[in-house]
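[1] what's the 3D shape of this:
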Amino acid sequence: MGNILIKNVFLNGGETDIYIEKGKIAKIGDCGGMTADEIIRAKGMGAVPGFVNMHTHAAMTLMRGVEEDLPLGAWLRRIWQVEANVDEETVYWGTKLACMEMIKSGTTTFNDHYWKPSAAVQAVKESGIRSWSSYVCMDHGDAGRAEADKRGMEQAFNDSASWGDKSSFVAGCHSTYEVSKDMLLWCRDFAKERGLKLHIHLCETAAEVEHCRSVHGMSPVRYLDSLGMLGPWLIAAHTLWLDAEDIKLLGENHVNVVHNINSNLKIASGYRFMYDELVAAGANVALGTDGCASSNNLDMLEAMKTAAMVQKAWRGNPKAMPLNELLDIATVNGAKALGLDAGRIECGMEADLSLVNMRSSVFIPNINFLSNLVYSAHSDAIDTVICGGRIIMRGRRIEGEDRVLEAAAEAGRRLLEKSGIKINNVI
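    Residues are numbered from 1 along each chain as shown. Okay, here's the model as predicted:
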């Protein structure tokens, strides 16, 4: 891994240099006279930390558009019919396509919630970004499925020893309504005994909350609390339908909660994410896109804009979710949840960052760079992406991207035809 010198980049209101050494940010300031293996002349570009997508199902890029205009329950039933035909090749090419899409929109780390993680990690390795990849338990209360899930989780964890330094294993379980109590407890113990994060969907819909109350006599948050599952190791996706006691429990236990605004809006799950309340209670709030079958893209910049605008609208307060906090939930808060020293452009941090092309009408005038990036620009402003000190996109070109598009389109065609869905590829 060579050293990188980024010259004359816009950062913190002025031009500066950034020196990257051994995958870390080593110096920010005048680097005149310093040499590097790679020099990027970044005049007219701004630097931002790489985005951390804290909840997605990467391989579902190949299911984009399978079902539209359905509520979550009906949508899930159709998606599970398609997923019955998923194999390792599907996961590999679907994840490969997802990695390319995420890199193109400035994401350098993602927290994946899916199956066949070793196939996904192979795609991640080739793409150069970071992943936390899971095996997701979903036993539907069936004892045979539960045993199969236990074996699958154990095998995936053992395999993760050979994944390398840019991919880590995270235990996964689907939800309180698709995972039995015994399976939830097993996942809890599996994660705790190995020092792993545990990733779950939680309080995504009003129907989920009502189901849990009818079956267990309490909300999903209180149910997990009763099972000893709340803590800083838990990554809870959605957390949309919460009461005051739920918020208190999530905060006291410093749970990592993930806002997935575009998916929630599109499936009409809800929009009143309790951001201020969760932060005040002590929860760590991060941002995700969800999978492409529900949110339709993996664009974190779009998710940032939508999240902020919806918060401002439903609260009737233009000061809600201000820009500095918005950047944090898309970067450093996700990194914190994963135990990664990234998310800020500071000395000693992982060199995960993007260079934004400011030679565009949407960056004029440059009164507030972050405002222009979030509210005016689109992800095509991301010109160059660096992850762990390696340049993985330059000039919006990624090595081998034409091959990825062609192979992913073919893998998607095979998957959907097995599922009785005919498509017309244009690639």
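[2] from the chain's centroid, how far away is stretch 207-225?
    26 Å (CA atoms, centre = their mean, to the nearest Å).
[3] now it: buried residues?
    208-209, 212, 218-225 (16 or more other CB atoms under 10 Å). No exception for glycine: its C-beta is placed from N, CA and C like everyone else's.
[4] burial count for the residue lying closest to residue 160 once chain neighbours are set aside?
    Nearest non-adjacent residue to residue 160, counting by CB to CB, 6 or more residues apart in numbering: residue 169, 3.7 Å away. Neighbours of residue 169 under the rule other CB atoms under 10 Å: 25.
[5] let's verify residue 169: helix, strand, or coil?
    Under DSSP: H, G, I helix; E, B strand; the rest coil, residue 169 falls in the strand class.
[6] hang on, isn't it packed against residue 134?
    Yes: under the criterion of CB atoms under 8 Å, residue 169 makes contact with residue 134 at 7.1 Å.
[7] give me the common contacts of the two.
    The contact sets of residue 169 and residue 134 overlap at 117, 156 (CB atoms under 8 Å, 6 or more residues apart in numbering).
[8] strands of the stretch 1-150 of the chain, start to end?
    Remark: strands assigned in the stretch 1-150 of the chain by DSSP state E, counting those that start in this stretch are 4-11, 14-21, 24-28, 38-41, 45-49, 51-56, 107-112, 130-137.
[9] those strands: which one's closest to residue 313?
    Closest to residue 313 of the strands of the stretch 1-150 of the chain is strand 51-56 (CB to CB; 22.6 Å).
[10] average model confidence for the closest one?
    Averaged across strand 51-56, pLDDT comes to 98.
[11] name the nearest residue to residue 73, sequence neighbours excluded.
    residue 207 (6.7 Å).
[12] tell me the SS of that neighbour?
    Residue 207 ends up helix, using three-state DSSP.
[13] next one: the one 3 residues further on
    Reducing the assignment to helix, strand or coil with three-state DSSP, the entry for residue 210 is helix.
[14] start the count at 498, not 1, going forward
    OK, 498 is where the count begins now, so the last one is residue 707.
[15] that one and residue 839, how far apart?
    Look at residue 707 and residue 839: by CB to CB, to the nearest Å, they are 39 Å apart.
[16] for residue 866, same thing?
    Distance, residue 866 to residue 839, by CB to CB: 20 Å.
[17] of those two, who's got more company?
    Neighbour tally, residue 866 and residue 839, criterion other CB under 10 Å: the higher count belongs to residue 839, 27 against 20.
[18] can you verify that one is assigned to a helix?
    No: Residue 839: not assigned to a helix; according to three-state DSSP it is coil.
[19] correct me, but it touches residue 833?
    No: with contacts counted by CB under 8 Å, residue 839 stays clear of residue 833, the gap being 9.4 Å.
[20] and the residue nearest to residue 829 when sequence neighbours are not counted, what are its phi and psi?
    Nearest residue to residue 829 in three dimensions, chain neighbours excluded: residue 840, at 3.0 Å (CB to CB, 6+ apart). Main-chain torsions, residue 840, degrees, to the nearest 10: phi 100, psi -10.
[21] residue 840 contacts residue 831, doesn't it?
    Yes: Residue 840 is within contact range of residue 831, at 6.8 Å (criterion: CB under 8 Å).
[22] hang on, the earlier thing: any idea how far residue 606 is from the residue nearest to residue 829?
    9 Å.
[23] same question, residue 774
    27 Å.
[24] those two: who's more crowded?
    residue 606 (26 against 16).
[25] now do the same contact list for that one.
    So residue 606 contacts 547-550, 626-629, 831-832, 835, 837, 839, 849, 884 (CB under 8 Å, 6+ apart).
[26] what sits against the spatially closest residue to residue 506 that is not a sequence neighbour?
    Nearest-residue entry for residue 506: residue 539, 3.9 Å, with adjacent residues in sequence omitted and distances by CB to CB, 6+ apart. Taking CB under 8 Å, 6+ apart, we find residue 539 in contact with 503-507, 852, 881.
[27] quick one on the thing from earlier: common neighbours of residue 840 and residue 831, please.
    With CB under 8 Å, 6+ apart, residue 840 and residue 831 have common neighbours residue 549.
[28] which strand or helix spans residue 908?
    Element membership for residue 908 (DSSP states H and E) is helix 898-915.
[29] so which elements touch that helix?
    Packed against helix 898-915 by the contact rule (3 or more CB pairs under 8 Å, 6 or more residues apart in numbering; DSSP states H and E) you find helix 585-601.
[30] now do the helix it packs on against strand 548-553, angle only.
    Calculated by axes from the mean of the first three to the mean of the last three CA atoms, to 10 degrees, helix 585-601 forms an angle of 150 degrees with strand 548-553.
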